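sequence unknown, structure follows:
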């Protein structure tokens, strides 16, 4: 993490009151079967939801036509803004152009470039026309060395139109991977040897005579979009997202995060739209509740976080969404810049994180900063969800929220808990759950059980085994757990979280190894920002130099030794580790563009390194205790 050493807790931030906010009260009925299966069903039924997401666009274009829906930085430093009325007009013209092209689920739209107003205009045009679109991680085009995933998804989706905001930037990826004859569209730029349709041309299209009829024909089962997720093989799966999924999920969000109804949300957000957190959760709740979203081109890394700080220095969010690394990166700026801190907390109802656990260090520091600025702790919220659940499925309550806690299923979602090797595997059913994976019937069949519940692959642990109403903690991924040679089960998820916390601030994540071995070992992904807190002389992006630095190695060894002292048996005893000195590969599926680690892919592709970890005379690069 990029914050300085922990602030004093003498402020008593943990005892300060929470900022009062409107919030739903997830509560469930519990049914237990004789075979150990448990059903959790929310007591409050889900409210009505619209047929199509664009119904909310019509509502706000009438109610607040001039309110900013979305804004992005312009080259001169100001904001390019688009109002609800302008968004509706643009969506209707683009939808008319798309309808004229005969696009459909069989020939959808693929969007290669990242978050932007132009991306949003095309996406809402597609939604208005009832034509599915698929936002793709820009990393598949710009970071990947072999275009493997991009080539695969082009064959899977067979697009009828491919869009990139800057054709020059994506020209190589388009030339190699977009099938001949497929229309290419862009905001600007060219692709050598190809005709490129400009977005301005789509915007200038006259309204199609069948536009209103096409919009009215969109129903709950109409496919709104495909969102890509990777399986253990690394090949993308196209998760079908219907109008019902998205609209129902937004009502679930509003009934739970009830403060969204008290004041239209204002969001400063970088989370990528090719992921469900940014693309469904955040864009959706902005539109659904008549809010405004300011696109943040910053990223939680050196050279990127400064843009986030600049934006937060101008825009006070009402709710802030980020991944744990993003909060870590913000801490030193919030602590050291009084004006930024005042702007950030001015009207902040809540913070929300997803994707990984938030460390106690970061959580406590955010509490301390909020109390110092406002006298209140600002609620820090999370839950459990997936691309397949659109994503909102379980939520914490402000008063009981803590890292690792995921709460209870929200209205509209039934949860099913299955005993599995001493854990409780969770499954979901509700109107927000996907019907399956596009053109992958075998994977769809495998993803659901005999009662139609979606298999998360996650395990949960009750906070109180005698009172499930107190909610549940995340208990790891079922597929990541393994047995040692002794037959002892290793619960990977909780062990990872504890080791990362014990090694703060220098470790971002770990991969746990040891299947059929006598003891557990760890492949360590360093946090370069945090390592520079230990040795400020380290170069910013020198992973190999950081992994071999004597100060870093000794600091890690000390933390690992302390962690070893807390072991309660072979299932929690880590005695060998290696600090990875080469980046994880997006092409091999080891890491996503958002930084999530695929444990299985790392283990599969680094078998030689694991063999070294268990050699009788381990080489000097390894750390053994």
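Happy to help now that I have it. Fair warning: this is a prediction, and the values are worked out from it, not measured in the lab.

Show me what counts as buried in stretch 446-466.
Of the residues in stretch 446-466, those buried under the neighbour-count criterion (16 or more other CB atoms under 10 Å) are 447, 448, 453, 454, 455, 456, 458, 459, 460, 461, 462, 463. Placement of C-beta: from N, CA and C, glycine included.

Now, those that are in strands?
The strands, defined by DSSP state E, take in 454, 455, 456, 458, 459, 460, 461, 462 from the buried residues of stretch 446-466.

Now tabulate the residues you listed in CSV and tack on pLDDT.
As requested, these are exported to CSV (pLDDT from 0 to 100):
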residue, pLDDT
454, 98
455, 97
456, 94
458, 95
459, 96
460, 97
461, 96
462, 97
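
if we can go back for a sec, and the buried residues of stretch 446-466, which is closest to residue 364?
Closest approach between these and residue 364, by CB to CB: residue 463, at 20.3 Å.

That closest one contacts residue 473, correct?
Yes: when contacts are counted by CB atoms under 8 Å, residue 463 is listed as touching residue 473 (6.2 Å).

Spit out the residues that contact these two alike.
Each of residue 405 lies in contact with both residue 463 and residue 473 under the rule CB atoms under 8 Å, 6 or more residues apart in numbering.

Pull the contacting residues for the nearest residue to residue 385 once chain neighbours are set aside.
Using CB to CB, 6 or more residues apart in numbering and skipping residues adjacent in sequence, the residue nearest residue 385 is residue 391, 3.3 Å away. Residue 391 makes contacts with 249, 276, 277, 280, 281, 385, as judged by CB under 8 Å, 6+ apart.

Return the residues in contact with the nearest residue to the fourth one once chain neighbours are set aside.
Nearest residue to residue 280 in three dimensions, chain neighbours excluded: residue 390, at 5.6 Å (CB to CB, 6+ apart). Remark: with contacts taken as CB under 8 Å, 6+ apart, residue 390 is in contact with 241, 245, 246, 248, 249, 276, 280, 432, 433, 434.

same thing but 10 Å
When the contact criterion is CB atoms under 10 Å, 6 or more residues apart in numbering, the partners of residue 390 are 224, 227, 239, 241-242, 244-250, 252-253, 276, 280-281, 284, 430-434.

Repeat that for residue 26.
Counting by CB under 10 Å, 6+ apart, the residues that residue 26 touches are 40, 42-44, 255-256, 383, 394-397, 407-411, 413, 469, 471.

Looking at the contacts of residue 391, which one is closest to residue 549?
Of the contacts of residue 391, the one sitting nearest to residue 549 (CB to CB) turns out to be residue 277, at 34.0 Å.

Touching, the closest one and residue 253? I think so.
No: with the criterion set as CB atoms under 10 Å, residue 277 and residue 253 do not qualify as a contacting pair; they are 12.0 Å apart.

what is in contact with these two at once?
Once CB under 10 Å, 6+ apart is applied, the residues that residue 277 and residue 253 both contact turn out to be 391, 392.

Which stretches in the stretch 201-350 of the chain count as helices?
Listed from the start of the chain, the stretch 201-350 of the chain has helices (DSSP state H, counting those that start in this stretch) covering 211-216, 243-256, 276, 283-288, 305-312, 324-336, 338-345.

what does the stretch 1-150 of the chain give?
Per DSSP H, counting those that start in this stretch, the stretch 1-150 of the chain has helices spanning 54-63, 84-100, 117-129, 139-142, 148-157. These are given in chain order.

now swap in the stretch 401-550 of the chain and tell me
Using DSSP H, counting those that start in this stretch, helices in the stretch 401-550 of the chain cover 441-447, 492-502, 528-534, 543-548, 550-564.

Reformat those as TSV; add mean pLDDT and distance to residue 336.
Rendered in TSV, the data for the helices of the stretch 401-550 of the chain read as follows (pLDDT from 0 to 100; distance: least, CB to CB, whole Å):
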stretch	mean pLDDT	distance to residue 336
helix 441-447	97	47
helix 492-502	92	24
helix 528-534	90	14
helix 543-548	96	24
helix 550-564	96	24
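
just to revisit the earlier point, among the contacts of residue 390, the buried ones, what's the ChimeraX command?
The buried residues among the contacts of residue 390 can be selected in ChimeraX (16+ other CB under 10 Å) with this line:
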select :224,227,239,241,242,244,245,246,247,248,249,250,252,253,276,280,281,284,430,431,432,433,434
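
quick one, what contacts residue 448?
Taking CB under 10 Å, 6+ apart as the definition of contact, the neighbours of residue 448 are 388, 427, 429, 433, 434, 435, 436, 454, 455.

switch the cut-off to 7 Å
Contacts here follow CB atoms under 7 Å, 6 or more residues apart in numbering; on that basis residue 448 touches 454, 455.

Could you list the domains of the protein?
Residue ranges of the domains in the chain are recorded as 13-49+247-476, 81-218, 481-624, according to automatic domain parsing.

Kindly reformat the ones you listed as a markdown table containing distance to residue 68.
Supplementary listing: the domains of the chain in a markdown table, determined by distance: least, CB to CB, whole Å:
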| stretch | distance to residue 68 |
| --- | --- |
| domain 13-49+247-476 | 5 |
| domain 81-218 | 5 |
| domain 481-624 | 26 |
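
Where among these is average confidence lowest?
When these are compared on average pLDDT, domain 481-624 comes out lowest at a mean of 92.

Could you tell me the end-to-end distance of that domain?
From the first residue to the last, domain 481-624 extends over 23 Å; the measure is CA to CA, to the nearest Å.

still on that earlier bit, now, of the contacts of residue 26, which are buried?
Buried, going by 16+ other CB under 10 Å: 40, 42, 255-256, 383, 394-397, 407-411, 413, 471, out of the contacts of residue 26.

Which of these sits closest to residue 163?
residue 383 (32.1 Å).

burial of residue 573, as a residue count?
Applying other CB atoms under 10 Å, we find 18 other residues in the vicinity of residue 573.

ugh, wrong one, residue 502
The number of residues packed around residue 502, counting by other CB under 10 Å, is 15.

count of neighbours near residue 336?
Other residues near residue 336 come to 10 when the count uses other CB under 10 Å.

Of all the helices of the stretch 201-350 of the chain, which one is nearest residue 363?
When the helices of the stretch 201-350 of the chain are ranked by distance to residue 363, counting by CB to CB, first place goes to helix 324-336 at 8.6 Å.

for the residue nearest to the spatial centre of the chain, what are its contacts?
Closest to where the C-alpha atoms of the chain average out (CA atoms, centre = their mean) is residue 277, at 4.5 Å. Residue 277 sits next to 271, 354, 391 when contact means CB under 7 Å, 6+ apart.

now swap in residue 620 and tell me
So, once contact is read as CB under 7 Å, 6+ apart, residue 620 ends up touching nothing.

how about the ones in strands among the buried residues of stretch 446-466 in JSON lines, adding distance to residue 86?
Compiled in JSON lines, those are given as follows (distance: CB to CB, whole Å):
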{"residue": "454", "distance to residue 86": "38"}
{"residue": "455", "distance to residue 86": "43"}
{"residue": "456", "distance to residue 86": "39"}
{"residue": "458", "distance to residue 86": "41"}
{"residue": "459", "distance to residue 86": "47"}
{"residue": "460", "distance to residue 86": "44"}
{"residue": "461", "distance to residue 86": "48"}
{"residue": "462", "distance to residue 86": "49"}
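
Please state the backbone phi and psi of the nearest residue to residue 408 once chain neighbours are set aside?
Nearest residue to residue 408, sequence neighbours excluded (CB to CB, 6+ apart): residue 26, at 4.1 Å. Residue 26 has phi and psi values of phi -60, psi 120 when expressed as degrees, to the nearest 10.

circling back to that earlier point, any idea how far the residue nearest to the centre of the chain is from residue 558?
Residue 277 sits 35 Å away from residue 558 when distances are taken as CB to CB, to the nearest Å.
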